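>>> need coordinates for the below:
(one chain, ligands or ions: 1)
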Amino acid sequence: MLNTKVVELLNQQVNKEFYSAYLYLDFSNYYYDNGLEGFGNWYRVQAQEERDHAMLFIQYLQNNGEKVILDAIEKPAVALENAKSILSEGLKHEQYVTSLIHNIYDAAYSVKDFRTMQFLDWFVKEQGEEETNADNLIKKYELFGDDPKSLYMLDNELGGRVYSAPSLVL
Ligand code: MG
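So this is what the prediction gives:
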């Protein structure tokens, strides 16, 4: 059995990951609506990854005999102002998710829950990559976004992102 507080936070994280998927789907829809299908594709794949994260938290709870409690998923609460501002919101959101993962890690650490810490190690690394990816998108947009030809090529590049299942298997 896992610590009650740790279980509560893991359950909350299921909801947060589904919310991330929902938020990124909203981003994706914005880009598709505005003719940037590559950006739309990139965030659509990102949404699929977030759904996978939620499923991993569910699987981990179940593997440990804990009950999964699904809560309502909030409506995406980020203003979709323009193609570039969304990328900044994406980075902000990933930084927030990193803080959530660290918070669960902290709770597990405080009760010497080594199993949960080991499970979360993958997410700690993953969050580092998510923040880098989000930051790279901003940098690329800053470099190329103002020139239509370059933006077209960047959009094409992002259209090449394909979904792959997470490397963590439970
Ligand atoms: Mg995630």
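>>> from here on, just use CA atoms for contacts and neighbour counts.
Fine.
>>> state the distance from the residue lying farthest from the centre of the chain to K112.
Most distant from the centre of the chain: K149, at 29.5 Å, with distances by Cα atoms, centre = their mean. In this view, K149 and K112 are 54 Å apart by Cα to Cα, to the nearest Å.
>>> and for E94, the neighbour number?
Counted by other Cα atoms under 10 Å, the residues lying close to E94 total 22.
>>> for it, give me its contacts.
Shown in contact with E94 (Cα atoms under 8 Å, 6 or more residues apart in numbering): 127, 130-131, 134.
>>> which SSE is it in?
Applying DSSP states H and E as the criterion places E94 in helix 83-110.
>>> that helix: how far from the chain's middle?
Mean C-alpha position of helix 83-110 versus that of the full chain (Cα atoms, centre = their mean, to the nearest Å) differs by 8 Å.
>>> what about it, average pLDDT?
Mean pLDDT, computed over helix 83-110, is 98.
>>> for stretch 147-159, same thing?
According to the model, stretch 147-159 has a mean pLDDT of 98.
>>> what's in contact with that stretch?
36-42, 140-141, 144-145.
>>> swap in 7 Å and give it another go.
36-39, 41-42, 144-145 (Cα atoms under 7 Å, 6 or more residues apart in numbering).
>>> just the CA atoms of that stretch, as CSV, please.
Extracted in CSV, the C-alpha atoms of stretch 147-159 (Å, rounded to 0.1, in the frame of the first residue of the first chain):
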residue,chain,number,x,y,z
ASP,A,147,9.2,35.6,-42.6
PRO,A,148,6.3,33.8,-44.5
LYS,A,149,8.6,31.6,-46.5
SER,A,150,10.6,30.5,-43.4
LEU,A,151,7.4,30.0,-41.4
TYR,A,152,6.1,27.8,-44.2
MET,A,153,9.2,25.7,-44.0
LEU,A,154,9.1,25.5,-40.2
ASP,A,155,5.5,24.5,-40.4
ASN,A,156,6.4,21.8,-42.8
GLU,A,157,9.1,20.5,-40.5
LEU,A,158,6.7,20.3,-37.5
GLY,A,159,4.2,18.5,-39.7
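>>> ok so, going back, helix, strand or coil for the residue farthest from the centre of the chain?
Here K149 is helix, with the state taken from DSSP: H, G, I helix; E, B strand; the rest coil.
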